[in-house]
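sequence first, then the predicted structure, then my questions.
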Amino acid sequence: MEHGFFQKVYEIVRRIPYGRVTSYGAIAEFLGSRGSARMVGWALNSTKDSTGDIPAHRVVNRNGLLTGKRHFGGKDLMKELLESEGLIIEDDRIINFKEKFWDPKVEI
DNA sequence: AACTTGACGGTCA
DNA sequence: ATGACCGCCAAGT
C-alpha cells in the first residue's frame, strides 16, 4: 500500500460520517501544503478504480454544489445517494449545507 | 519538453 | 450577484 496524497484523501473521506458532507477545499486545508483542492478532486476521480468503499458523494464544493455529479453513474446518482442520507437538495445544491457540513480540521 | 485540462477556491472589478 | 482571472499541480496528449 502507498501512503501518498491520494491515500490521505481517501482516509479522510472514509471518515465523513453518514449524513454529513465536506468540501474539497476543507480536505485540502486539512492536509496542509500537501495539496490543493484540485488535487482532492483528482484523487476522488481515481476512486472509480478503487474498491468502492469510499463515500465520494459526501464531498461537494464550498457552496454545497454537487459539482462532481457527472462523475457518478446515472443521471442523478450522487443526488440520490445524498438524499437517501437525509440531505435536502435543490438544483444540485445542498440546502442545509451549513448544518451538515463536517470539517476534518475541527472534528477529527 | 510544452501545452492543456480539471470532482477547486479566493480575489477583484 | 456575476464573471474573469489566477494559483494550484498531477496526468494526459
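Yep, that arrived. Numbering: from 1, shown residues only, chains lettered A, B, ... in the order given.

for the nearest residue to residue A:34 once chain neighbours are set aside, give its distance to DNA strand B.
Computed as Cβ to Cβ, 6 or more residues apart in numbering, the closest residue to residue A:34 that is not its neighbour in sequence is residue A:5, at 5.6 Å. For glycine as for every other residue, the C-beta is placed from the backbone atoms N, C-alpha and C. Distance, residue A:5 to DNA strand B, by Cβ to the nearest atom of the strand, to the nearest Å: 12 Å.

distance of residue A:5 from DNA strand C?
As defined by Cβ to the nearest atom of the strand, residue A:5 lies at a distance of 7 Å from DNA strand C.

go on, residue A:12?
Counting by Cβ to the nearest atom of the strand - residue A:12 and DNA strand C are separated by 17 Å.

equivalent analysis for residue A:65, please.
Distance from residue A:65 to DNA strand C, counting by Cβ to the nearest atom of the strand: 12 Å.
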